[in-house]
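# Could you look at this predicted model? Sequence included:
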Amino acid sequence: MLFLGLLLLLILLAGTRLLWGQWKHRNLHLPPLAPGFLHILKPNLPLYLLGLTRKLGPIYRLRLGLQDVVVLNSKRAIEEALVRKWVDFAGRPQTPSFKLVSQQYPDLSLGDYSLLWKAHKKLTRSALLLGIRDSMEPLVEQLTQEFCERMRAQEGRPVAIQEEFSFLACSIICGLTFGDRDESFVNAVYGCVQDLMNAWDHWSVQILNVVPILRFFPNPGLWKLKRIISNRDHIVEQQLRWHKENLVAGQWKDMTGYMLQRMGQVKGDEGPGELLEGHVHMAMVDLFIGGTETTATTLSWAVAFLVHHPEIQQRLQNELDLELGPGPLGSHIPHKVRTRLPLLNATIAEVLRLRPVVPLALPHRTIRPSSILGYDIPKDTIIIPNLQGANLDETIWERPQEFWPDRFLEPGKSPRVLTFGCGARVCLGEPLARLELFVVLARLLQTFTLLPLEGALPSLQPQPFYTVNLQMQPFQVRLQPRGQGQ
């Protein structure tokens with residue numbers, strides 16, 4: 001009886017909110033509304049949303065729980081909102097799960113737009129581009145070389161490559177962020193990242209963003225997430241404590257040390273307030289949560305496509321041999337030679353286009369009334385940029401569903417891929433991610449031939465039901481050292 005009463009109350013609240021929204025916006029020219037309420041449950045959600053454009057156009061509204069959201073499915077619509085009118089669309093919805101992850105201090109990725117947020121972003125970007133500028137590439141090179149040595153020791157046995165890439169990416173982030181590459185520490189961080197992503201993606205947590213009132217009901221999934229967040233914060237707090245105790249003015253070896261020294265010197269426009277240790281804490285969280293699975297998943301998609309296309313893999317190896325010479329395991333592959341490896345760059349771009357790892361980005365929120373493609377967009381509207389949809393737009397891309405790296409080999413012919421987002425909320429880790437993709441794939445292809453298991457090509461279809469990341473179906477490959485048995 002109690003459950004039935006609560007259900008009726010939810011229906012009443014939803015109906016009241018719907019009618020109020022319709023009345024409040026009655027004089028606006030809003031994007032068309034897609035009928036139905038259960039869109040979020042559709043398999044292959046980004047492609048489903050792209051399919052709705054055939055009837056509704058590149059911008060439309062969906063009902064998601066108790067509110068409407070606006071979905072952008074074209075490069076033109078996304079760039080108008082996030083680049084040309086970025087101030088209007090720079091906010092984030094403050095959903096229950098976003099607030100939980102942020103705890104006491106605003107998170108950089110999930111935090112709402114403010115002048116203090118701009119200062120937080122400026123500090124983190126400075127740490128990435130200046131604080132570790134000289135150590136970033138050598139560390140990525142060293143850890144990638146060690147990774148290839150471990151893979152060579154497998155002697156061609158089946159390898160669960162995504163797990164290996166995840167550990168490699170986590171090792172790189174731990175080294176750059178905390179200056180700590182101890183195996184036990186990396187394992188602790190890696191386990192925390194895996195637990196956090198699994199708990200965050202669980203339906204019992206995600207449903208709170210659609211029906212927030214459910215957060216007041218017993219929820220084991222939510223309790224589990226809170227325990228994992230507590231463990232996450234314990235790991236970061238230990239590192240912050242160690243760095244403060246060993247701080248030497250004007251010296252740092254990693255991003256944490258740089259940010260602790262610089263946090264009082266970075267000012268935003270019009271005096272936004274003071275950056276505190278908690279902001280450094282959340283920047284570190286963003287880096288090791290956002291910089292592990294995203295990079296590992298993109299590398300895994302690249303391997304899967306190359307296993308399906310051995311002719312492209314062979315061309316890549318020929319390019320590497322021609323430009324760099326056959327690769328002894330100790331040889332260096334400087335990132336500055338990337339302009340001499342156009343096919344490798346094109347292959348990375350094509351993987352990023354077809355399989356953007358966060359295909360629906362993170363939702364934006366309008367902080368003031370605006371418009372997109374002639375439609376009115378009220379204040380506090382949630383905006384979902386369908387990056388995968390934009391990357392498959394038939395009006396922009398020739399043969400959009402096909403893996404065809406050569407499309408990027410003619411300078412100026414292919415538009416920019418939106419995988420990392422654009423505008424004020426563009427992914428801060430893009431420079432590091434691109435460096436890792438280049439170095440790891442170059443080293444991997446220089447050292448190994450990527451082969452499927454007998455009769456078991458990896459699936460090129462993502463997991464059907466949507467999570468924040470575009471999840472792969474598990475697969476294994478053989479890494480055959482070049483020159484052996486070919």
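Thanks, I have the structure now. Residues are numbered from 1 along each chain as shown.
# can we go C-alpha only for contacts and neighbour counts from here?
Fine.
# Helix or strand next in line after the one helix or strand residue 135 maps to, which one?
Element membership for residue 135 (DSSP states H and E) is helix 133-152. Remark: after helix 133-152, the chain's next helix or strand is strand 158-159, criterion DSSP H and E.
# Tell me which helix or strand the closest residue in space to residue 50 that isn't next to it in sequence sits in.
Beyond its immediate neighbours in the sequence, the residue positioned closest to residue 50 (C-alpha to C-alpha, 6 or more residues apart in numbering) is residue 389, lying 5.2 Å away. Under the criterion of DSSP H and E, residue 389 resides in helix 387-391.
# List the buried residues of that helix.
387-391 (16 or more other C-alpha atoms under 10 Å).
# in the helix or strand following it, what counts as buried?
Next in sequence after helix 387-391, counting helices and strands by DSSP H and E, comes helix 430-447. The neighbour-count check on helix 430-447 (16+ other C-alpha under 10 Å) flags 432-447 as buried.
# go on, stretch 153-165?
156, 158-159, 161-165.
# swap in stretch 189-208?
Buried-residue list, stretch 189-208, by 16+ other C-alpha under 10 Å: 189-190, 192-193, 195-197, 199-200, 204-208.
# tell me what the helix holding residue 389 is packed against?
Here helix 387-391 touches helix 45-51, helix 342-354, going by 3 or more C-alpha pairs under 8 Å, 6 or more residues apart in numbering; DSSP states H and E.
# Against which helices or strands is the helix holding residue 135 packed?
Against helix 133-152 (3+ C-alpha pairs under 8 Å, 6+ apart) you get helix 161-178, helix 430-447, strand 477-481.
# Would you format the ones you listed as a markdown table with distance to residue 280 and mean pLDDT included?
Below are those laid out as a markdown table (distance: least, C-alpha to C-alpha, whole Å; pLDDT from 0 to 100):
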| stretch | distance to residue 280 | mean pLDDT |
| --- | --- | --- |
| helix 161-178 | 11 | 94 |
| helix 430-447 | 19 | 94 |
| strand 477-481 | 39 | 93 |
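# Would you tell me which of those gets closest to residue 152?
strand 477-481 (6.8 Å; C-alpha to C-alpha).
# chain center to that closest one, what's the gap?
How far strand 477-481 lies from its chain's middle: 28 Å, per C-alpha atoms, centre = their mean, to the nearest Å.
# Residues touching it, excluding its own?
151-152, 155-161, 447-453 (C-alpha atoms under 8 Å, 6 or more residues apart in numbering).
# can you give me the angle it makes with helix 430-447?
Relative orientation of strand 477-481 versus helix 430-447 (axes from the mean of the first three to the mean of the last three C-alpha atoms, to 10 degrees): 60 degrees.
# Return the member of the buried residues of stretch 153-165 nearest to residue 100.
residue 163 (27.4 Å).
# so what's that closest one up against?
Residue 163 touches residue 296, counting by C-alpha under 8 Å, 6+ apart.
# Likewise for the one 3 residues further on?
Under the criterion of C-alpha under 8 Å, 6+ apart, the contact list for residue 166 reads 190, 292-293, 295-297.
# any idea what residue 27 is structurally, helix, strand or coil?
Recorded secondary structure, residue 27: coil (DSSP: H, G, I helix; E, B strand; the rest coil).
# How much space separates it from residue 391?
34 Å (C-alpha to C-alpha, to the nearest Å).
# Then residue 76?
11 Å.
# A strand includes residue 63, no?
Yes. Checked against three-state DSSP, residue 63 lies within a strand.
# got any ranges where the chain has weak pLDDT?
Filtered on pLDDT under 70, the chain yields the residue ranges 1-26, 65, 103-105, 266-273, 326-335, 412-414, 466, 484-486.
# most residues in a single helix of it, which one?
Identified as the longest helix of the chain according to DSSP state H is helix 220-245.
# Any buried residues in that one, and which?
222, 224-226, 228-229, 231-233, 235-236, 239-240, 243.
# Present those as a markdown table; the columns should include distance to residue 277.
Below are the buried residues of helix 220-245 laid out as a markdown table (distance: C-alpha to C-alpha, whole Å):
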| residue | distance to residue 277 |
| --- | --- |
| 222 | 27 |
| 224 | 26 |
| 225 | 23 |
| 226 | 21 |
| 228 | 21 |
| 229 | 18 |
| 231 | 18 |
| 232 | 16 |
| 233 | 13 |
| 235 | 15 |
| 236 | 11 |
| 239 | 12 |
| 240 | 8 |
| 243 | 12 |
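# Nearest to residue 399, out of those residues: which one, please.
Looking across the buried residues of helix 220-245 and measuring by C-alpha to C-alpha, the closest to residue 399 is residue 225, at 41.7 Å.
# ok, that closest one - contacts?
Contacts of residue 225 (C-alpha under 8 Å, 6+ apart): 196, 199-200.
# So which of those is the closest to residue 99?
residue 200 (12.4 Å).
# Not counting its own residues, what contacts whichever strand or helix holds that closest one?
Using DSSP H and E, residue 200 falls within helix 183-201. Here helix 183-201 makes contact (C-alpha under 8 Å, 6+ apart) with 97, 166-167, 170-171, 174, 180, 205-206, 221-222, 224-225, 228-229, 231-232, 235, 288-289, 292, 467-468.
# Give me the neighbour count for residue 353.
25 (other C-alpha atoms under 10 Å).
# For it, list the residues it contacts.
Neighbours of residue 353 in contact, by C-alpha under 8 Å, 6+ apart: 388, 391-392, 417-419.
# Tell me the one of those residues nearest residue 472?
Nearest to residue 472 among the contacts of residue 353, with distances taken as C-alpha to C-alpha, is residue 388, at 15.0 Å.
# Was I right to think that closest one contacts residue 355?
Yes. Using C-alpha atoms under 8 Å, residue 388 is in contact with residue 355, at 7.1 Å.
# In this model residue 286 seems to touch residue 108, though I could be wrong.
Yes. At 6.9 Å, residue 108 counts as touching residue 286 under the criterion of C-alpha under 8 Å.
# of these two, who's got more company?
Each of residue 108 and residue 286 has its neighbours counted (other C-alpha under 10 Å); residue 108 has more, 24 against 19.
# Residue 169 versus that one, what's the distance?
From residue 108 over to residue 169 (counting by C-alpha to C-alpha), the distance is 20 Å.
# Ok, residue 188 next?
Taking C-alpha to C-alpha, one finds residue 188 at 14 Å from residue 169.
# Those two: which is more packed in?
residue 169 (27 against 13).
# And the nearest residue to the more buried one once chain neighbours are set aside, how close does it get to residue 307?
Nearest in space to residue 169, with sequence neighbours left out and distances taken as C-alpha to C-alpha, 6+ apart, is residue 292 at 5.1 Å. Applying C-alpha to C-alpha, the value for residue 292 to residue 307 is 23 Å.
# Next, give phi and psi for residue 455.
phi 70, psi 20 (degrees, to the nearest 10).
# Tell me how many other residues crowd it.
Neighbour number of residue 455 under other C-alpha under 10 Å is 6.
# same thing with the one 5 residues further on?
Neighbour count of residue 460, defined by other C-alpha under 10 Å: 13.
# quick one: contacts for it?
So residue 460 contacts 301, 304-305, 472 (C-alpha under 8 Å, 6+ apart).
# make it 7 Å
Going by C-alpha atoms under 7 Å, 6 or more residues apart in numbering, residue 460 touches residue 304.
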